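[1] Got a sequence here, can you build the structure:
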Amino acid sequence: MRGRGAVPLGETGGGISAEVLCGLPERMAQGKGGGLLAAGLFGFDGTPVAVRTDVRAVNAVDKLTGWGLLAGRLPLAGHILLVGGEVGYEVVRRALVAGVPVVCGVAAPSSLAVSLAGEFGMTLVGSLRGERFNVYTDPGRLDL
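    All right, here's what the predicted structure looks like:
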């Protein structure tokens, strides 16, 4: 993946609180249609930016990336990407290309996703449910 479209993710200075992270799934659910997987883009303060749905989380991420491209907002530095399922390798890869420094999922990430996120200094959070979550890579952007 190195050198194939990934953009620098920026500094790992803290700023995202546990309270913000734990509130993201509820905020995304408010803009999500039933029966579909969603991907949501949020500011580091938890402000919703955009939510897209599709039959697969990775497709919803593609829709968000396309929205960012058409809106002239790439790279998406200073944003959090939340997916309503497992954070797989393809989700992390797409987030890297879009310049998203923090990716979260309500389920645990795949081992390949953790490896890729770690290689590029992405903050990866999984099993985000209620007031609990696991940080898999680069906790430097989080205020815990």
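[2] starting at the chain centroid, how far to the top helix by length along the chain?
    With secondary structure taken from DSSP state H, the chain has its longest helix at helix 57-70. Taking the mean of its C-alpha atoms, helix 57-70 sits 12 Å from the chain's own mean (CA atoms, centre = their mean, to the nearest Å).
[3] Whichever helix or strand comes after it: partners in the sheet, and parallel or antiparallel?
    Downstream of helix 57-70, the first helix or strand assigned by DSSP states H and E is strand 79-83. When pairing is defined by DSSP bridges, strand 79-83 lines up against strand 37-43 (antiparallel), strand 102-105 (parallel).
[4] Quick one: closest of those strands to Leu9.
    Proximity to Leu9, assessed across those by CB to CB, is greatest for strand 102-105 (8.8 Å). No exception for glycine: its C-beta is placed from N, CA and C like everyone else's.
[5] Low-confidence ranges, this structure, go.
    1-8, 10-14, 30-36 (pLDDT under 70).
[6] quick one on the thing from earlier: make a markdown table from the strands paired with strand 79-83 and add distance to Met122 to it.
    Formatted as a markdown table, these follow (distance: least, CB to CB, whole Å):
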| stretch | distance to Met122 |
| --- | --- |
| strand 37-43 | 15 |
| strand 102-105 | 6 |
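[7] Buried deepest among these, which one?
    strand 102-105 (a mean of 26; mean count of other CB atoms under 10 Å).
[8] Any idea how many residues pack against Glu131?
    If you count neighbours by other CB atoms under 10 Å, Glu131 ends up with 10.
[9] how much space between the nearest residue to it once chain neighbours are set aside and Asp54?
    Closest residue to Glu131 apart from its sequence neighbours, by CB to CB, 6 or more residues apart in numbering: Cys22 at 5.2 Å. As judged by CB to CB, to the nearest Å, Cys22 and Asp54 stand 25 Å apart.
[10] Secondary structure element holding the residue nearest to Glu131?
    Using DSSP H and E, Cys22 falls within helix 18-29.
[11] quick one: buried residues of that helix?
    Of all the residues in helix 18-29, those buried under the rule 16 or more other CB atoms under 10 Å are Val20, Leu21, Cys22, Leu24, Pro25, Arg27, Met28.
[12] surely the last one meets Gly85?
    So the one you mean is Met28. No. Met28 lies out of contact with Gly85 (CB atoms under 8 Å); the separation is 11.7 Å.
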